[in-house]
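1. this one's sequence-less:
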């Protein structure tokens, strides 16, 4: 078999676990057999002295190492070809030429099969090692995908809210959640202007304050904002959030992207608009307002 001690140790531990025997893989340093050390001689470990081995627990002895590397001298011998007994001479008419051709083809197929078996690759070990590597990666990737997917869906839900004013307030909540994930939560009872002051002081983002004023004017205004105003507001939200993230290092940005602080925040769970703003009071449209101004 072809492989190193890491591959054989992992394969042995996996096979032991499949059989119901607890096993673990241990990594450490020890000199090669070709260069033994004298008693008391110091040992300097290098990269070539890193080895892996499997251990199995025994009652009264603890974890005992189990050799997993096969003997290099114990090579796999090819299977001997079966001796063919010569056929007795046939005195009858010779067989048609098609049959010897088929027999010759069968003989070639048998030889190719024997050669493939002798030179075959140990796909079982490859599958076990691949599973040991791929399965943990998949388990680590699933939470990341879930968190990123939830935040993307939350942003889409806010930007496509039914009421135009809720789209604007949702854009402001996007700013608050970005600051919360970056480690600067805004108190739940703070107004938009108070929250903007906290964010501007912490990150130096002066554009936060006028954005909060625009959000208040839009949400508490007499008319619903137009689609163009909402798109412009969200463009400023994206620019502000990008500035907040660029003000920290890469590690902090990755940690904020995977953070659950904004998910756990009560601000993300409930509407930020006061209850009296959620009542469908009749609003004056722009035409009625112009008509009243002309009187």
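-> Arrived safely, thanks for sending. The shown structure was predicted, so the numbers you read here are calculated from the model rather than taken from an experiment.
2. What is the end-to-end distance of stretch 181-194?
-> Across its full length, stretch 181-194 reaches 18 Å between end residues, using CA to CA, to the nearest Å.
3. Flag every buried residue along stretch 50-57.
-> Along stretch 50-57, the positions that meet the burial threshold by neighbour count (16 or more other CB atoms under 10 Å) are 51, 52, 53, 54, 55, 56. Placement of C-beta: from N, CA and C, glycine included.
4. And what about the second one, helix, strand or coil?
-> Taking DSSP: H, G, I helix; E, B strand; the rest coil as the rule, one finds residue 52 in the strand state.
5. now the fifth one
-> In three-state terms, and counting by three-state DSSP, residue 55 is strand.
6. Among the buried residues of stretch 50-57, which one sits closest to residue 171?
-> Proximity of those to residue 171, judged by CB to CB, is greatest for residue 52, which lies at 53.1 Å.
7. residue contacts, the closest one?
-> The neighbours of residue 52, taking CB atoms under 8 Å, 6 or more residues apart in numbering as the test, are 5, 6, 9, 10, 25, 26, 27.
8. repeat that with 6 Å
-> Applying CB atoms under 6 Å, 6 or more residues apart in numbering to residue 52 gives the contacts 5, 6, 9, 25, 27.
9. would you list these in JSON lines and tack on neighbour count, secondary structure and pLDDT?
-> Converted to JSON lines, the contacts of residue 52 look like this (neighbours: other CB atoms under 10 Å; DSSP: H, G, I helix; E, B strand; the rest coil; pLDDT from 0 to 100):
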{"residue": "5", "neighbour count": "16", "secondary structure": "helix", "pLDDT": "75"}
{"residue": "6", "neighbour count": "16", "secondary structure": "helix", "pLDDT": "77"}
{"residue": "9", "neighbour count": "26", "secondary structure": "helix", "pLDDT": "77"}
{"residue": "25", "neighbour count": "17", "secondary structure": "strand", "pLDDT": "85"}
{"residue": "27", "neighbour count": "11", "secondary structure": "strand", "pLDDT": "82"}
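10. export those residues to CSV and tack on distance to residue 139?
-> As requested, the contacts of residue 52 are arranged in CSV below (distance: CB to CB, whole Å):
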residue, distance to residue 139
5, 26
6, 21
9, 22
25, 18
27, 21
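11. Can you tell me how far residue 159 is from residue 243?
-> Distance of residue 159 to residue 243, given as CB to CB, to the nearest Å: 19 Å.
12. What is the strand or helix carrying residue 132 packed up against?
-> Counting by DSSP states H and E, the element that carries residue 132 is helix 123-159. Using 3 or more CB pairs under 6 Å, 6 or more residues apart in numbering; DSSP states H and E as the contact criterion, the secondary-structure elements in contact with helix 123-159 are helix 5-18.
13. quick one, the helix it packs on and helix 123-159 angle?
-> Taking axes from the mean of the first three to the mean of the last three CA atoms, to 10 degrees, helix 5-18 and helix 123-159 form an angle of 80 degrees between their directions.
14. What residues of helix 5-18 count as buried?
-> Those would be 5, 6, 7, 8, 9, 10, 11, 12, 13, 14, 15, 16, for helix 5-18 by 16+ other CB under 10 Å.
15. Excluding chain neighbours, what is closest to the last one?
-> With CB to CB, 6 or more residues apart in numbering as the criterion, residue 16 has its nearest non-adjacent residue at 3.8 Å, and that residue is residue 23.
16. what separates the one you found from residue 66, distance-wise?
-> Counting by CB to CB, the separation of residue 23 from residue 66 is 8 Å.
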